[in-house]
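Visitor: Pasting the sequence and the predicted model now:
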Protein chains: 4
Amino acid sequence: MPAASAPSRRLTARTLAIADKRGLILRAATQVFARNGFFQSQVADIARVAGVAAGTVYLYFQSKDDLLVSIFERTMRETLADGRAALEGMTDARQRLAHIAHLHLERLGRDRDLAVVFQVELRQSTKFMERFSSTLLQDYLALIRDTIALGQQSGVFRSDVSATTGAKIFFGALDEMATNWVLSKRRYRLAPGADTVVDVFINGVGSRRAERAIEP
Amino acid sequence: MPAASAPSRRLTARTLAIADKRGLILRAATQVFARNGFFQSQVADIARVAGVAAGTVYLYFQSKDDLLVSIFERTMRETLADGRAALEGMTDARQRLAHIAHLHLERLGRDRDLAVVFQVELRQSTKFMERFSSTLLQDYLALIRDTIALGQQSGVFRSDVSATTGAKIFFGALDEMATNWVLSKRRYRLAPGADTVVDVFINGVGSRRAERAIEP
Amino acid sequence: MPAASAPSRRLTARTLAIADKRGLILRAATQVFARNGFFQSQVADIARVAGVAAGTVYLYFQSKDDLLVSIFERTMRETLADGRAALEGMTDARQRLAHIAHLHLERLGRDRDLAVVFQVELRQSTKFMERFSSTLLQDYLALIRDTIALGQQSGVFRSDVSATTGAKIFFGALDEMATNWVLSKRRYRLAPGADTVVDVFINGVGSRRAERAIEP
Amino acid sequence: MPAASAPSRRLTARTLAIADKRGLILRAATQVFARNGFFQSQVADIARVAGVAAGTVYLYFQSKDDLLVSIFERTMRETLADGRAALEGMTDARQRLAHIAHLHLERLGRDRDLAVVFQVELRQSTKFMERFSSTLLQDYLALIRDTIALGQQSGVFRSDVSATTGAKIFFGALDEMATNWVLSKRRYRLAPGADTVVDVFINGVGSRRAERAIEP
DNA sequence: TATGAATGAGCCTTCATTCAT
DNA sequence: AATGAATGAAGGCTCATTCAT
């Protein structure tokens, strides 16, 4: 092996080590935040769970807030990437919505600590909310909105409901399913709820016999 | 007025004064929490806005937490009472849902500070969430669920979607409408969204031409 | 009854009422201080036990401190007066000491709450201690010192021990008996200890066979 | 010195540094408590006198209370250890008592701040008193009681006075000597009083001519 | 005299963050 | 890169005292 590659290899190793430790700390933070609540969690606790010293956390993250933001960003980025990749080949907007719903609830249903952080701890205050809603969350809502718009263009969705409003309703429904699951004392599987949400969103709860609903 | 009524009058005056002061402090707390966030708000700020001394707050409320809880409880109690009263005469489940949605978004749309507290500050942590979800919030969800069940019995709603899941979807949609409105930089009227939510919830976004949707 | 006497009678009645209420509050304070400790006691508690409003306490006493001081002064004044009166006819210094010791321990042994206040709560801090030691407590120590000096003059007490030091030792012994009784979990009668204190103080614990003691 | 000893040396240095800082804070607390009184002292003052940050105090002590308790425990432990060590070789109970008295008054007489804390501040309330009297203070009284019992067995002390009562009287006398010294405005040496206390305790203040004292 | 609602000064403690090693 | 001892700002809450009634 040529000597020249050594530094590069070392760099790669280092990069991996860093990535590992970042992930290690982030997983510890998710667990601690979920179980104690963000404000009741101490950086020292997270460090202990991660098996590092308190000061070490600050080598990888700016602040305690940054830990929370990073959990959000990392998960959102992954979800968005996964979502976009999977949607690539799907032409049916209804199928796309179903996929988004499944991805959404499956990811949260798979990792309860993550779900708690997403459904509860991240809603700390306008401080966080505003920071989030201006970026990745908007991207996520945009993904849904575009899917609905696609359905409207292709004629499978009504055009008299704005895609933006539809996206809020769809996201809100999924979000509430997740929040309810997180706060419920009963233990049930979250993911199956995705089908119902999609079904209701597309077909409504109105019976076929009933005429089109009440207009204001 | 007979002399005998004097004590009663004094008592009433005092009772009113107390009620006023509680309400005064609660309104101040709503404003301060909404603008600074719960954790960034100081009890001294609330007292200043209410025009009382810091210690006086503790004559009417147990703690800072209690202020937040009281805002929630007071509003929920009123909303539930109003909702039940108005629903009394309505037999059509679709009409009932429409009414609930309007009441929900109108109340929040009328008082932005209250909306901020409800959509953001109250979601502080599982500590609060669990406290809430076990009581009045459950009552509210039950009100929706019962309305859906009524619609299923009368045949205007499908019976192959559980009323409980339907209630989550309906509430989640309304909740997201409110949260989006609160966090949005644009200023628009919240209440009109109620109709769309009801429409989509009942009729779905699927076009009439499109067949019944995707089953899992 | 002459009209002229009415004011006087009223004044007397008022004076009595005042004396009663002062006493009432003071007894309540003694009880509350004894059971909760001075700093843990709240003026509102004392008022409640006395059956008056919080503000009323301040019509009879300057401050919370004043309550503690008044308990001390009232008891000391009574004890000193009783002591002096009883000592009047006694010529034997040993008999006098015995009487003082009995009076001391009987008064405390009769009222445990008072004893707790005297042995514990009054030792709050130099602030109180210095205030007390400069007046009535000095008078009390002087009463003992003078009794010892009398005994030295009449030849029943050694003159090679200063009366002042002797008084400290005698008082300290009584004081410790009381403190031990107050803090003890066992329930026993305090007063009988007076005899032992006097006996040891006068005769020493040395056996008769043993020669006069160790000199430094 | 071999290289191998370096880690051990570093450990020792750190241990010393910690021991120093604990002691440093404890000395500062003694000074501040003595001069301001416990309740009037602020933890921030103690930190300033010790030359550390306020938070640092809490790295070494649980609470403000703990500082007071630690002063007591440290001093009592040392005094008990010193006392037991010194008593080892002494067979004469009278000599032993004299030694205890000297140790007691010398230690307090040497450090006025410590004396103030012991004689005044530690008598705060039953809260502290009960905590103390159940352990180290009992040990100290037991040391005196055992010494008296030893004297009774060897025949130099009377057996008709219980060793327990004798111990209270002896301790009370020493305690009062110290309290008087602390509260006195005059400045005199405390330790010499030890001899008088022992003398009076063993021989009594009764003159040799006088017969055995008054029996109840 | 009596009330008790209102006042507001005062402080212990926590814990995110830093930095010397 | 890693440590963890040290920092110090920040605020909820209590309660003695006042005063309008």
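Guide: Nice, I can see it. Numbering: from 1, shown residues only, chains lettered A, B, ... in the order given.
Visitor: could you give the mean pLDDT of the helix or strand hosting A:F201?
Guide: For A:F201, the host element (DSSP states H and E) is helix A:193-203. Mean pLDDT, helix A:193-203: 96.
Visitor: Check stretch A:176-189 too.
Guide: 91.
Visitor: What are the buried residues along it?
Guide: For stretch A:176-189, burial by neighbour count (16 or more other C-beta atoms under 10 Å in any protein chain shown) applies to A:E176, A:M177, A:A178, A:T179, A:N180, A:W181, A:V182, A:L183. C-beta here means a position set from N, CA and C on the backbone, and glycine is covered the same way.
Visitor: gap between the residue most central in space within chain A and DNA strand E?
Guide: With distances taken as C-alpha atoms, centre = their mean, A:M76 lies nearest the centre of chain A, 4.8 Å away. To DNA strand E, A:M76 is 22 Å away according to C-beta to the nearest atom of the strand, to the nearest Å.
Visitor: Per-residue pLDDT of that residue, please?
Guide: 92.
Visitor: surely it meets A:Y140?
Guide: Yes. Between A:M76 and A:Y140 a contact is recorded at 6.6 Å, counting by C-beta atoms under 8 Å.
Visitor: quick one: the helix holding A:F201 to helix B:193-203, angle?
Guide: Interaxial angle, helix A:193-203 versus helix B:193-203 (axes from the mean of the first three to the mean of the last three C-alpha atoms, to 10 degrees): 100 degrees.
Visitor: what does helix A:193-203 contact?
Guide: Defining contact as C-beta atoms under 8 Å, 6 or more residues apart in numbering or on different chains, one finds that helix A:193-203 is touched by A:94, A:97-98, A:101-102, A:104-106, A:157, A:166, A:169-170, A:173-174, A:177, A:181, B:158, B:161-162, B:165-166, B:169, B:200-201, B:204-206, B:210, B:212-216.
Visitor: go with 7 Å
Guide: Among residues not part of helix A:193-203, those counted as contacts by C-beta atoms under 7 Å, 6 or more residues apart in numbering or on different chains are A:94, A:97-98, A:101-102, A:105, A:169-170, A:173-174, A:177, B:161, B:165-166, B:169, B:200-201, B:204-206, B:212-214, B:216.
Visitor: Show me those residues that map onto helices.
Guide: A:94, A:97-98, A:101-102, A:105, A:169-170, A:173-174, A:177, B:165-166, B:169, B:200-201 (DSSP state H).
Visitor: if you look at the helix or strand hosting A:G55, does any of it touch DNA strand E?
Guide: Secondary structure from DSSP H and E places A:G55 in helix A:54-60. Yes. Using C-beta under 7 Å from any atom of the strand, we find that helix A:54-60 touches DNA strand E at A:A54, A:G55, A:Y58.
Visitor: quick one: low-confidence ranges for chain A?
Guide: A:1-19, A:125-127, A:129-134, A:208-216 (pLDDT under 70).
Visitor: Per the annotation, how does it divide into domains?
Guide: A:8-61, A:62-203 (automatic domain parsing).
Visitor: Can you say which of the ones you listed is packed in most?
Guide: domain A:62-203 (a mean of 19; mean count of other C-beta atoms under 10 Å in any protein chain shown).
Visitor: Next one: it, is it in contact with DNA strand F?
Guide: No. Domain A:62-203 stays clear of DNA strand F (C-beta under 7 Å from any atom of the strand), getting no nearer than 12.5 Å.
Visitor: any idea where the helices of chain A begin and end?
Guide: A:5-36, A:43-50, A:54-60, A:64-87, A:93-110, A:112-119, A:126-133, A:136-154, A:163-183, A:193-203.
Visitor: what about the fifth one, distance to the chain center?
Guide: Just to be clear, that refers to helix A:93-110. 11 Å (C-alpha atoms, centre = their mean, to the nearest Å).
Visitor: That one relative to helix A:193-203, how many degrees between them?
Guide: Using the same axes, to 10 degrees: helix A:93-110 against helix A:193-203 is 150 degrees.
Visitor: Setting aside sequence neighbours, what's the nearest residue to the residue in chain A that chain D sits nearest to?
Guide: Closest residue of chain A to chain D, C-beta to the nearest C-beta: A:A44 (12.6 Å). Sequence neighbours aside, A:A54 is the residue nearest to A:A44 in space, at 4.9 Å (criterion: C-beta to C-beta, 6 or more residues apart in numbering or on different chains).
Visitor: doesn't A:Q42 make contact with that neighbour?
Guide: No. Contact between A:A54 and A:Q42 fails when scored by C-beta atoms under 7 Å: they sit 8.9 Å apart.
Visitor: contacting residues around A:V182?
Guide: A:A115, A:V116, A:Q119, A:V120.
Visitor: For D:I71, find the nearest of the helices of chain A.
Guide: Nearest of the helices of chain A to D:I71, taken as C-beta to C-beta: helix A:43-50 at 28.9 Å.
Visitor: Is any residue of that closest one near DNA strand E?
Guide: Yes. Contact of helix A:43-50 with DNA strand E (C-beta under 7 Å from any atom of the strand) involves A:V43, A:A44.
Visitor: tell me which strands and helices that helix is in contact with?
Guide: Judged by 3 or more C-beta pairs under 7 Å, 6 or more residues apart in numbering or on different chains; DSSP states H and E, helix A:43-50 is in contact with helix A:5-36, helix A:54-60.
Visitor: between that helix and helix A:64-87, how big is the angle?
Guide: 50 degrees.
Visitor: contact partners of helix A:43-50?
Guide: Residues contacting helix A:43-50 (C-beta under 7 Å, 6+ apart): A:L24, A:I25, A:A28, A:A29, A:Q31, A:V32, A:A53, A:A54, A:T56, A:V57, A:K64.
Visitor: Distance from the chain centre to it, please.
Guide: With C-alpha atoms, centre = their mean, you get 24 Å for helix A:43-50.
Visitor: Same check on stretch A:172-189?
Guide: 14 Å.
Visitor: Using CSV, list the CA coordinates for stretch A:52-59.
Guide: Output in CSV follows, covering the C-alpha atoms of stretch A:52-59 (Å, rounded to 0.1, in the frame of the first residue of the first chain):
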residue,chain,number,x,y,z
VAL,A,52,-18.3,10.2,27.2
ALA,A,53,-17.4,13.2,29.3
ALA,A,54,-19.7,16.1,29.5
GLY,A,55,-17.2,18.4,27.8
THR,A,56,-17.0,16.0,24.9
VAL,A,57,-20.6,16.7,23.9
TYR,A,58,-19.5,20.2,23.1
LEU,A,59,-16.9,19.0,20.7
